[in-house]
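Engineer: Return a 3D structure for these sequence lines:
(2 chains)
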Number of protein chains: 2
Amino acid sequence: MQVQAPVALAIHGGAGTISRKKMTPRLEARYHAVLERALRAGHDILAQAGSSLDAVTAAVVVLEDSPLFNAGRGAVFNAAGKHELDAAVMEGARLRAGAVAAVRRAKNPVLLARAVMEKTAHVMLVGEAADRYARKAGLEIVSPDYFSTPQRLAALERARQRSLEAETASDADRHGTVGAVALDSMGNVAAATSTGGYTNKMAGRIGDSPIIGAGTYADNRACAVSGTGDGEYFIRSALAHDVAARMRYLGESLEQAAGGALAEVAALGGSGGLIAVDARGNIAMPFTSAGMYRGSVRAGDFFVGIFR
Amino acid sequence: MQVQAPVALAIHGGAGTISRKKMTPRLEARYHAVLERALRAGHDILAQAGSSLDAVTAAVVVLEDSPLFNAGRGAVFNAAGKHELDAAVMEGARLRAGAVAAVRRAKNPVLLARAVMEKTAHVMLVGEAADRYARKAGLEIVSPDYFSTPQRLAALERARQRSLEAETASDADRHGTVGAVALDSMGNVAAATSTGGYTNKMAGRIGDSPIIGAGTYADNRACAVSGTGDGEYFIRSALAHDVAARMRYLGESLEQAAGGALAEVAALGGSGGLIAVDARGNIAMPFTSAGMYRGSVRAGDFFVGIFR
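Structural biologist: Numbering: from 1, shown residues only, chains lettered A, B, ... in the order given. All right, here's what the predicted structure looks like:
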């Protein structure tokens, strides 16, 4: 028998929410419902002594399948009017990791990232070759327009307008990455992140989500992290690995390390948030944006929130 | 007038060299000559108070242009019989970074990575879109077969044979990434890395070289790092950022931090090496492989080496 550790799970649906003014009670209820469904999908696995890797994968699949979030169905359009999806998974016991970027046909990029980790000798595959591998691995393939929603198309049109006027895109049009982190009853942590990037990004652009150490990292000796925000800044500060490094090398708590790493991003001029869980089941969900779609469950207590 | 700091430069042409037995004096002299030319290209810039970013770029261009190394001309073939090139640059003053992966038409991927850093809002571009951007940025474009050499084609054939026999590829067939790190007279560090990946890699595979924090990192508060070796392991341990984190958070010397980060890779089962320079001009070039093509210059002293 393994020692049963307290399980913990946290999810995010992106930092940079729609403004409070535009949020109707009905829309807010829809966001809450999907976040709760994702939490329950992950927690059911943990409660039955399943792995943190299975839990974060299951939670992210729910968020990818919802058109409300910028990952899988509902992904943003890039400057070429297309979807290019990025995802990563990592498990903290052996530091195994998998990632994909600029994929266009795999229905659930997080499952493709996991297949790369579990079934290839590689950590990261990109582009059409990654989609071809999805087919070979037996994953569900969809037409690229499966990911499209009218709301995201409208956002692209607004972004193209704004680009001409040299204005800044609203948080909601830019972000919406999803992710999950978990601790299972074996004491193993895992992280997963999935995104469409941001509206009007250049074709071929990769953000932090699929970059191991930037938007996604997991190490049992420290914590599991999934980030969301200004991806370029997260890459430059190696945000997710920085949280783990601060815990391991500075002896900081999860909360301190998460805050310290986000402060490095802020010092560069970037904003966003992250979710993190450590090997004791502590959860941190700091963000420097106006809001962050998020949820957590620990000791049977469910929490879902959007604004500060 | 700026305070003149001592300048320093180190380069590598890959960990995992050809075996001593196969190295003829004539071939060794050729390697030495190119390494020295790359060192001089970078050092000339530093000696004239140029930037570390210019120095590492110039050194890597020399190595990319040489067919001896697995970057630019002379890049390995992937499993599809094609070249897919990856590169990154980073400067330590403002943590700006640029990277490209799976490019096939830009003659010098390191220059494309730098253009991404300096001329776009992004850090990383991949695939055909990155090659299209190279054209737009006015960089030199070549036919994909410009990168091919008979030696690399033979290596692919050997790898395909070995794959059938489930043997391990020799170091020389697998590696050969190039990189440079420098400290300039302003006290700024920079790093650059460029690679063809490894022979018979899956199409679309990305290794550590273009991953900021894995194969490439630079931060004036710590050091600049360029790695070479088992890329998947370097990604999983966030090798380059780990060196910087150990210096910043543990107060380790450059030598200690570089060794400690490589030990993490070794604990996972990976091998390779790295070059690093800190803000005082210290240089470290540790490797756990049989050899590493490398060179350094500090206080006017040039060093070039291949084996231990």
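
Engineer: Could you report the separation of A:A38 from chain B?
Structural biologist: Taken as C-beta to the nearest C-beta, to the nearest Å, the spacing of A:A38 relative to chain B amounts to 26 Å. Yep, even glycine has a C-beta here, placed from its N, CA and C like the rest.

Engineer: show me the contacts for that residue.
Structural biologist: Neighbouring residues of A:A38 by C-beta atoms under 8 Å, 6 or more residues apart in numbering or on different chains: A:I11, A:A59, A:V60, A:V62, A:L63, A:A180, A:G295.

Engineer: The first one belongs to a strand, doesn't it?
Structural biologist: Think A:I11. Yes: applying DSSP: H, G, I helix; E, B strand; the rest coil, one finds A:I11 inside a strand.

Engineer: Any residue of stretch A:206-224 touching chain B?
Structural biologist: Yes: judged by C-beta under 8 Å from any C-beta of the partner chain, stretch A:206-224 comes into contact with chain B at A:I206, A:G207, A:I211, A:I212, A:G213, A:A214, A:Y217.

Engineer: Correct me if wrong: the second one contacts A:R236.
Structural biologist: No: the pair A:G207 and A:R236 fails to qualify as a contact (C-beta atoms under 8 Å) at a distance of 11.6 Å.

Engineer: and the contacts of A:A38, which of them are in strands?
Structural biologist: Secondary structure from DSSP state E places A:I11, A:A180, A:G295 of these in strands.

Engineer: So which bits of the stretch 101-250 of chain A are right by chain B?
Structural biologist: Within the stretch 101-250 of chain A, the positions near chain B by C-beta under 8 Å from any C-beta are A:101-102, A:120-130, A:132-133, A:201-207, A:211-214, A:217, A:231-232, A:235-238, A:241-242, A:245-246, A:249-250.

Engineer: List only buried entries from these.
Structural biologist: Buried subset of these (neighbour count, 16 or more other C-beta atoms under 10 Å in any protein chain shown): A:101-102, A:120, A:122-130, A:132-133, A:201-207, A:211-214, A:217, A:231-232, A:235-238, A:241-242, A:245-246, A:249.

Engineer: Go through the residues you listed and flag which are in helices.
Structural biologist: Mapping those onto helices (DSSP state H) picks out A:127-130, A:132-133, A:231-232, A:235-237, A:241-242, A:245-246, A:249.

Engineer: Pick the one among those closest to chain B.
Structural biologist: Ranked by distance to chain B (C-beta to the nearest C-beta), these are led by A:A129 at 2.7 Å.

Engineer: The closest residue to the closest one other than its chain neighbours: what's it in contact with?
Structural biologist: The shortest distance from A:A129 to any non-neighbouring residue, by C-beta to C-beta, 6 or more residues apart in numbering or on different chains, is to B:G204 (2.7 Å). By C-beta under 8 Å, 6+ apart, the contact set of B:G204 is A:L125, A:V126, A:G127, A:E128, A:A129, A:A130, A:R132, A:Y133, B:E84, B:A102.

Engineer: wait, what's in contact with the nearest residue to the third one once chain neighbours are set aside?
Structural biologist: In space, A:G127 comes closest to B:G127 once its chain neighbours are excluded; the distance is 4.4 Å by C-beta to C-beta, 6+ apart. If you count contacts by C-beta under 8 Å, 6+ apart, B:G127 has them with A:A102, A:V126, A:G127, A:E128, A:G204, B:A101, B:A102, B:V103.

Engineer: give the contact list for the closest residue to A:A93 other than its chain neighbours.
Structural biologist: Closest residue to A:A93 apart from its sequence neighbours, by C-beta to C-beta, 6+ apart: A:N188 at 4.6 Å. Residues near A:N188 by C-beta under 8 Å, 6+ apart: A:S51, A:S52, A:L53, A:E91, A:G92, A:A93, A:N220.

Engineer: please redo it, this time with the cut-off set to 7 Å
Structural biologist: A:S51, A:S52, A:E91, A:G92, A:A93, A:N220 (C-beta atoms under 7 Å, 6 or more residues apart in numbering or on different chains).

Engineer: Count residues in the vicinity of A:A29, would you?
Structural biologist: By other C-beta atoms under 10 Å in any protein chain shown, 9 other residues sit near A:A29.

Engineer: What secondary structure category should be reported for it?
Structural biologist: At A:A29, secondary structure determined by three-state DSSP is helix.

Engineer: For the closest residue to chain B within the stretch 151-300 of chain A, report the pLDDT, please.
Structural biologist: In the stretch 151-300 of chain A, the residue that lies nearest chain B is A:G204 (2.7 Å; C-beta to the nearest C-beta). For A:G204, the model assigns a pLDDT of 98.

Engineer: Next: A:T168.
Structural biologist: Value listed for A:T168 in the pLDDT field: 52.

Engineer: Closest one to B:N70 out of the contacts of B:G204, please.
Structural biologist: B:N70 lies nearest to B:E84 out of the contacts of B:G204, by C-beta to C-beta, at 12.0 Å.

Engineer: hmm, back to that, just the closest of the contacts of A:N188 to B:R73, please.
Structural biologist: Closest approach between the contacts of A:N188 and B:R73, by C-beta to C-beta: A:E91, at 38.8 Å.

Engineer: burial count for the closest one?
Structural biologist: 26.

Engineer: Check the gap between it and chain B for me.
Structural biologist: Between A:E91 and chain B the computed distance is 10 Å (C-beta to the nearest C-beta).

Engineer: And that residue, how far from A:L125?
Structural biologist: 18 Å (C-beta to C-beta, to the nearest Å).

Engineer: do the same with A:G251
Structural biologist: For A:G251, the distance to A:L125 - C-beta to C-beta - is 37 Å.

Engineer: same deal with A:E140?
Structural biologist: 17 Å.

Engineer: isn't A:T177 right next to A:G74, touching?
Structural biologist: No: taking C-beta atoms under 7 Å as the definition, A:T177 is not a contact partner of A:G74, at 11.6 Å.

Engineer: the helices in chain A, which residues?
Structural biologist: For chain A, applying DSSP H gives helices covering A:25-47, A:52-65, A:109-119, A:127-136, A:150-165, A:171-174, A:231-237, A:239-250, A:254-268.

Engineer: Now render the ones you listed as TSV, adding mean pLDDT.
Structural biologist: Below are these laid out as TSV (pLDDT from 0 to 100):
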stretch	mean pLDDT
helix A:25-47	96
helix A:52-65	98
helix A:109-119	98
helix A:127-136	98
helix A:150-165	85
helix A:171-174	62
helix A:231-237	98
helix A:239-250	98
helix A:254-268	98
